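In: sequence first, then the predicted structure:
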Amino acid sequence: MHLAEHVQLMAQYNESMNVKIYETAATLLGEELSRNQGAFLGSVIGTLNHIAVGDIIWLKRFSVLLQSHHELDVVRAMSQPQSLDSVLCSTLPELYEYRKVLDETIVKLAGLLSEAELCLIFNYTNSKGVTSNKKLFSVLMHFFNHQTHHRGQATTLLSQFGRDVGVTDLVAIIPNV
């Protein structure tokens, strides 16, 4: 599998898992969505907001390197989150609309990245001011892993309310050869 194909697979996986998470979260009552359950980001909605915040931060960073990719214009126009626990949207329907825009952008970008671009050295500064120089492909894998990590937390929070997201394994969508 080429690097570009793997990025496309990860983008499709993330989009499909986000749909499952949001559809399951939509079965909760408003109070349940925002109830602090002692998780890293407190609540289901807090966790889902954090995933979107992380995506915006990373996509904005990617947009500097990938200036010719106009599918990132929608993210370029978004406000920069002030912190990793910023609340982008306080209701699930609003946040889900935001999520759909982000996932659409990620899938489009993944479909257009070339093997050469994925091997570019990506220079960025993190939120603590630390500068890094890493291969774009490797940072994209972190980007997808970040979503997976926090979706795992969200599925645990949802299960505490008796909600089952279903199969979330990547292997379930990897095509047979």
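Out: All right, it came through fine.
In: where does pLDDT dip in this structure?
Out: For the chain, the stretches flagged by pLDDT under 70 are 1.
In: need the longest helix for it.
Out: As assigned by DSSP state H, the longest helix anywhere in the chain is helix 136-160.
In: give me the residues contacting it.
Out: In this structure, residues lying in contact with helix 136-160 by C-beta atoms under 8 Å, 6 or more residues apart in numbering are 3, 7, 10-11, 13-14, 17-18, 21, 24-25, 28, 37, 39-41, 43-44, 47-48, 50-51, 54-55, 58, 62, 65, 117-122, 124, 164-165, 168, 170. No exception for glycine: its C-beta is placed from N, CA and C like everyone else's.
In: rerun at 7 Å
Out: Contacts to helix 136-160, defined as C-beta atoms under 7 Å, 6 or more residues apart in numbering, come from residues 3, 7, 10, 14, 17, 21, 24-25, 37, 39-40, 44, 47-48, 50-51, 54, 58, 65, 117-120, 122, 165, 168.
In: filter the residues you listed down to the buried ones and hand me the ChimeraX line.
Out: In ChimeraX, this line selects whichever of the contacts of helix 136-160 come out buried by 16 or more other C-beta atoms under 10 Å:
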select :3,7,10,14,17,21,24,25,37,39,44,47,48,50,51,54,58,65,117,118,122,165
